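[1] Show me how the following folds:
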Amino acid sequence: MKKIGIMGGTFNPIHNGHVEIAKAAYEQYELDEVWFMPNHIPAYKSDTGIVSSEHRLNMISLAIDAYEHFKVSDFEIKREGKTYSYETFTLLSREYTDCSFSFIMGADSLFYFEKWVHPEIILDNADILVASRDENGISEIEDRINLLKKEFHKGEFYIIKCPNTDCSSSALRDNISKLYNNIAGEDENNNIKKYLPKKVYDYILDNHLY
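    Next up is the predicted model:
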C-alpha cells in the first residue's frame, strides 16, 4: 500500500516553508509521495484576495518540479465551493483504495483541530503529521496530542521536525504589493526572494499577482 502525505492549504502563494515541511515529512516518515492539494475555497476563509485556482496550481507545479515524489493535485479544486477536510479524506479513501493517507499540518492547526468539522472522520481516514519548527515547542505539541487521543480514542499523531522558515503567505502578499507600488525597501524585496522559489517569484511578477 502506497503511503501518501497530503499537504492542504490555500497556497496563496506557495513558499519555501511549505516545501521544507513536505521534504521533512517525506524523509522522516518514509512516504511514497506528497500531494500538494490546494483548496478551491477553504471553509474557514472567504475568497477575497485568493488568486485563481489555475495560478495557484501553476505556482505549486513550479515550486515542486525538482522533486520526483511531489505531486500537485486538483482533487479539491475540482469539487468547487467550500471544502471540508473530513469530506476530502473520506473521498480519497474511497477512490484510492491502494493508498494510506497522512494529513500534514502545522502545529497551529493541531491546537484547534477538535473544533474542525468532524475531526473524528479525518482520524478514521488519515494519520496526522504535525510540523514543529521549534524544538522548544515539541513538549507542548506532545501534550496536545495526548489530549486529542483521550478525546477521540482513535487516530495516530506524529511530529515532523523541520527547519524554522519564518515566513507566511500573507506577509509575502503584503511585501509583493509594496513592490508593485514602489514602496518596498531592500529588506522586503530580499525577503520575497528568500522565501519564494525563484520560479514562483518570477511567475508572480510576470502575471502581476497580488
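[2] From now on I want contacts and neighbour counts done on CA atoms only, so please keep to that.
    Noted.
[3] Distance check, the closest residue to residue 141 other than its chain neighbours against residue 35.
    Nearest residue to residue 141, sequence neighbours excluded (CA to CA, 6 or more residues apart in numbering): residue 107, at 7.1 Å. Distance from residue 107 to residue 35, counting by CA to CA, to the nearest Å: 19 Å.
[4] More neighbours: those two, which one.
    residue 107 (22 against 19; other CA atoms under 10 Å).
[5] got the contact list for that one?
    Applying CA atoms under 8 Å, 6 or more residues apart in numbering, we find residue 107 in contact with 130, 131, 132, 141.
[6] which residues does the second one bridge with?
    Under DSSP bridges, the beta-bridge partners of residue 131 are residue 106, residue 160.
[7] number of nearby residues for it?
    So residue 131, with other CA under 10 Å, has 27 neighbours.
[8] was I right about it contacting residue 160?
    Yes: Residue 131 lies in contact with residue 160 (CA atoms under 8 Å); the separation is 4.6 Å.
[9] between those two, what contacts are shared?
    Both residue 131 and residue 160 are contacted by residue 21, under the criterion CA under 8 Å, 6+ apart.
[10] ok so, going back, next, work out how far apart the residue nearest to residue 141 and residue 30 are.
    Distance check for residue 107 against residue 30: by CA to CA, it reads 20 Å.
[11] got it, and residue 120?
    25 Å.
[12] Kindly report the same for residue 141.
    According to CA to CA, residue 141 and residue 30 sit 21 Å apart.
[13] who has more neighbours, those two?
    residue 141 (20 against 12).
[14] Please spell out the segments of the protein that come in under the pLDDT threshold.
    41-48, 135-136, 183-190 (pLDDT under 70).
[15] residues in contact with residue 110?
    Taking CA under 8 Å, 6+ apart as the test, what residue 110 contacts is 130, 144.
[16] One more: the one 10 residues further on?
    Contacts here follow CA under 8 Å, 6+ apart; on that basis residue 120 touches 152, 154.
[17] Doesn't it belong to a strand?
    No: read with DSSP: H, G, I helix; E, B strand; the rest coil, residue 120 is helix and lies in no strand.
[18] Now do it against residue 38, distance only.
    22 Å.
[19] Residue 161: how many residues sit nearby?
    Residue 161 sits with 17 neighbouring residues when counted by other CA under 10 Å.
[20] The residue nearest to it when sequence neighbours are not counted - how many residues pack around it?
    Leaving out its chain neighbours, the residue that sits closest to residue 161 by CA to CA, 6+ apart is residue 132, at 5.4 Å. Neighbour count of residue 132, defined by other CA under 10 Å: 21.
[21] Just confirm residue 132 contacts residue 165, I think it does.
    No: counting by CA under 8 Å, residue 132 does not reach residue 165; the two are 10.9 Å apart.
[22] now the helices for this protein?
    Using DSSP state H, the helices of the chain run over 16-28, 53-64, 85-95, 107-110, 119-125, 138-152, 169-180, 186-195, 198-206.
[23] among those, which is nearest residue 77?
    Of all these, helix 53-64 sits nearest to residue 77, with 6.9 Å by CA to CA.
[24] Next, report how far that closest one is displaced from the centre of its chain.
    In terms of CA atoms, centre = their mean, to the nearest Å, the centre of helix 53-64 is set 13 Å apart from its chain centre.
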